[in-house]
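Trainee: Structure here, sequence nowhere to be found:
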């Protein structure tokens, strides 16, 4: 009895800050850029200084921390924090969530590629930027639970808590501002993180503003209709990734041969061992999904609302909740990977349920998924900057920069 009381007292004593420090494992400086090197980095990407500033140098740290796995057991995961150099004032914290990766080594804290550039843009604008690798990617053992809302949120929040409780490790002080954004899968993760932060961590954090970009929020509805529509670009790679991921989480597939035709039932499992890149998966698979997935399984996706896979998709929908803090969902209308109507489904449900702080932004009517990522972050940065300047509804960006971005969009749409 005395031991039980002692353990209970420890649990009660474990304040948010103490628990966050316990979840933090270690940090290591892995890169440093002078302000001139940041400018050179942007110049190499053809990002004009008239639109994308380099206001400071940046130090980059890899962080190891703990979060719950799919069975809610503590496990090690990894991520980054990008720290503006030379700040004499407390910094706002921004969490950036990356899009789909298959290989562990493609995660931000190992590759420093892909959307790492977007994190650099925000850090060069004066934000301390965290980038979670997610469970099962980076320096995390096991499989990656792809598009699994709760573990995405846990990865984001665990890194935020580790950084805020250990800010002195990085030579910074943080103010109370917290921003969330991410692209594609990162849009889904951003929405999940805001929902969980507002629901479960409101006594610890207040989200200043959240801006998921090109994210999937209606997994079982408009996105499934989009993916399974034969007139649309085939997405058999993402669909296979989801089936293998959700089957491990929810346990509905005992053998790949239950869902996949030969030889894919034998070839596909190895593709999800964390050593293969998504491009390899895309090149391996035929464009016709019915050459990969069994017809009866395909039909169940379309027609059976009680299909275990469809139920798993429903569990990871993220539109039916009411945000208390500002939310801006951006999209592009010619996106063939993520149905832009995900945004409209979420917007309608939220506003029909009296959400007052929900906005949407079309970042390009003529852009697909890849080109949308060129422009959506600029609108998000300007919106966030408005909050930093004290504007209650965020900002639209300087008129001159908006004009230059419009010119760039016209050029890109023609090339």
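Mentor: Yep, it's here. This one's a predicted model, so the numbers in the text were calculated from it and none came from an experiment. Residues are numbered from 1 along each chain as shown.
Trainee: which residues of the stretch 101-250 of the chain score low on pLDDT?
Mentor: 230-234 (pLDDT under 70).
Trainee: Now do the helices in it.
Mentor: With helices called from DSSP state H, counting those that start in this stretch, the stretch 101-250 of the chain shows them at 108-111, 116-123, 149-165, 185-200, 222-228, 236-250.
Trainee: ok, now which ones touch residue 157?
Mentor: Contacts were defined as CB atoms under 8 Å, 6 or more residues apart in numbering; by that measure residue 157 touches 193, 196, 197, 201. The way it works is simple: take the backbone N, C-alpha and C, and place the C-beta from them, glycine included.
Trainee: before we move on, the earlier item: could I get the helices of the stretch 101-250 of the chain as a markdown table with distance to residue 28?
Mentor: Formatted as a markdown table, the helices of the stretch 101-250 of the chain follow (distance: least, CB to CB, whole Å):
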| stretch | distance to residue 28 |
| --- | --- |
| helix 108-111 | 10 |
| helix 116-123 | 16 |
| helix 149-165 | 14 |
| helix 185-200 | 24 |
| helix 222-228 | 38 |
| helix 236-250 | 29 |
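Trainee: Residue 179 is nearest to which of those?
Mentor: helix 116-123 (8.4 Å; CB to CB).
Trainee: Show me the contact partners of the closest one.
Mentor: If you take CB under 8 Å, 6+ apart as the criterion, helix 116-123 is touched by 38, 41-42, 45, 47, 52, 56, 58, 80, 82-84, 94, 96, 108, 129, 131, 183, 373, 377, 381.
Trainee: Show me those that map onto strands.
Mentor: Per DSSP state E, strands hold the following members of these: 58, 80, 82, 83, 84, 94, 96, 129, 131, 183.
Trainee: hey, what's the third one bridged with?
Mentor: Going back to what we said before, that points to residue 82. Beta-bridge pairing of residue 82 under DSSP bridges involves residue 60, residue 129.
Trainee: isn't it right up against residue 63?
Mentor: No - applying CB atoms under 8 Å as the test, residue 82 and residue 63 come out as separate, 11.2 Å apart.
Trainee: Looking at the chain, which helix is longest?
Mentor: helix 369-388 (DSSP state H).
Trainee: coming back round to it: neighbour-wise, which of the contacts of residue 157 leads?
Mentor: residue 193 (28 neighbours; other CB atoms under 10 Å).
Trainee: which ones are touching that one?
Mentor: 95, 97, 152, 153, 156, 157, 180, 210.
Trainee: What count of nearby residues applies to the fifth one?
Mentor: Think residue 156. 29.
Trainee: And for the second one?
Mentor: Other residues near residue 97 number 31, with proximity taken as other CB under 10 Å.
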